[in-house]
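**Student:** With the sequence up front, the predicted model follows.
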Amino acid sequence: NAGVTQTPKFQVLKTGQSMTLQCAQDMNHEYMSWYRQDPGMGLRLIHYSVGAGITDQGEVPNGYNVSRSTTEDFPLRLLSAAPSQTSVYFCASSYSFSLSSYNEQFFGPGTRLTVL
Amino acid sequence: AQTVTQSQPEMSVQEAETVTLSCTYDTSENNYYLFWYKQPPSRQMILVIRQEAYKQQNATENRFSVNFQKAAKSFSLKISDSQLGDTAMYFCAFGSTNAGKSTFGDGTTLTVKP
């Protein structure tokens, strides 16, 4: 299993440009999430999905769109990049939470995005 | 909404000694999960240990153990016999039972000194 993969690893954008960060997992996980990590801070939830066709907003959703057409893929779209979106972006996946299952989130390696 | 607070931005410990990292959280949920993640300079998020809130017994993974105090909403991480490879940022995280998402603290940077 490749686990959770993210592409690209690094990206530099100009203000106003759009792009899509790719995330894929091959563990048949129902749940997938996108987080951003700013310097010296913890991870903040952008959007998450509990299954194909179902997404919801997290703590900091503005400026980002997501869709979940398949179980495996969960792309994050930046509509019009701004310098405030300079950050490291992590995708994560997990099985559904329940009292009897192991609920570890598996994280991708991250994408470092710089917006000039 | 849940909140997670790590009150120690930086800590250091001598190699082979023991260190405890603090974490408090706030929630109205009764069933949930708590995690400690390690993030080395490579940025990879590595699960260190997890605790199910319905279990009274504190979780242990080799040199890592937790002190889970549900009533006090406290979840500290103890690292015994600290090793140079333990140098990293450590994040405490709260996981809800109804969706695959977590709330993270701002992290504690731990430095193990030789």
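**Tutor:** Nice, thanks for sending it over. Numbers count the residues shown, from 1 in each chain, chains lettered A, B, ... in the order given.
**Student:** who touches the most centrally placed residue in chain A in this structure?
**Tutor:** For chain A, A:Trp34 is the residue whose C-alpha lies nearest the centre (Cα atoms, centre = their mean; 2.6 Å). If you count contacts by Cβ atoms under 8 Å, 6 or more residues apart in numbering or on different chains, A:Trp34 has them with A:21, A:23, A:45-48, A:58, A:64, A:66, A:74, A:76, A:89-92. Quick note: C-beta positions are derived from backbone N, CA and C, even for glycine.
**Student:** Of these, which is the nearest to A:Leu113?
**Tutor:** Checking these against A:Leu113 by Cβ to Cβ gives A:Tyr89 as the nearest, at 6.1 Å.
**Student:** helix, strand or coil for the closest one?
**Tutor:** strand (DSSP: H, G, I helix; E, B strand; the rest coil).
**Student:** quick one: contacts for it?
**Tutor:** Counting by Cβ under 8 Å, 6+ apart, A:Tyr89 has contacts A:6, A:21, A:34-37, A:46, A:76, A:110-111, A:113.
**Student:** how about CSV for those, with secondary structure and pLDDT added?
**Tutor:** As requested, these are exported to CSV (DSSP: H, G, I helix; E, B strand; the rest coil; pLDDT from 0 to 100):
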residue, secondary structure, pLDDT
A:Gln6, strand, 97
A:Leu21, strand, 98
A:Trp34, strand, 97
A:Tyr35, strand, 97
A:Arg36, strand, 97
A:Gln37, strand, 96
A:Ile46, strand, 96
A:Leu76, strand, 98
A:Gly110, coil, 96
A:Thr111, strand, 97
A:Leu113, strand, 97
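**Student:** Between these, which sits nearest chain B?
**Tutor:** A:Gly110 (4.9 Å; Cβ to the nearest Cβ).
**Student:** Going along the chain, name the helices of chain B.
**Tutor:** Under the criterion DSSP state H, helices are not mapped anywhere in chain B.
**Student:** Tell me the spacing between B:Ser7 and B:Gly105.
**Tutor:** Between B:Ser7 and B:Gly105 the distance is 9 Å, computed by Cβ to Cβ, to the nearest Å.
**Student:** Which of those two has more residues huddled nearby?
**Tutor:** B:Gly105 (26 against 11; other Cβ atoms under 10 Å in any protein chain shown).
**Student:** Quick check: the more buried one touching A:Leu43?
**Tutor:** No: shown here, B:Gly105 and A:Leu43 do not form a contact pair, counting by Cβ atoms under 8 Å, at 9.5 Å.
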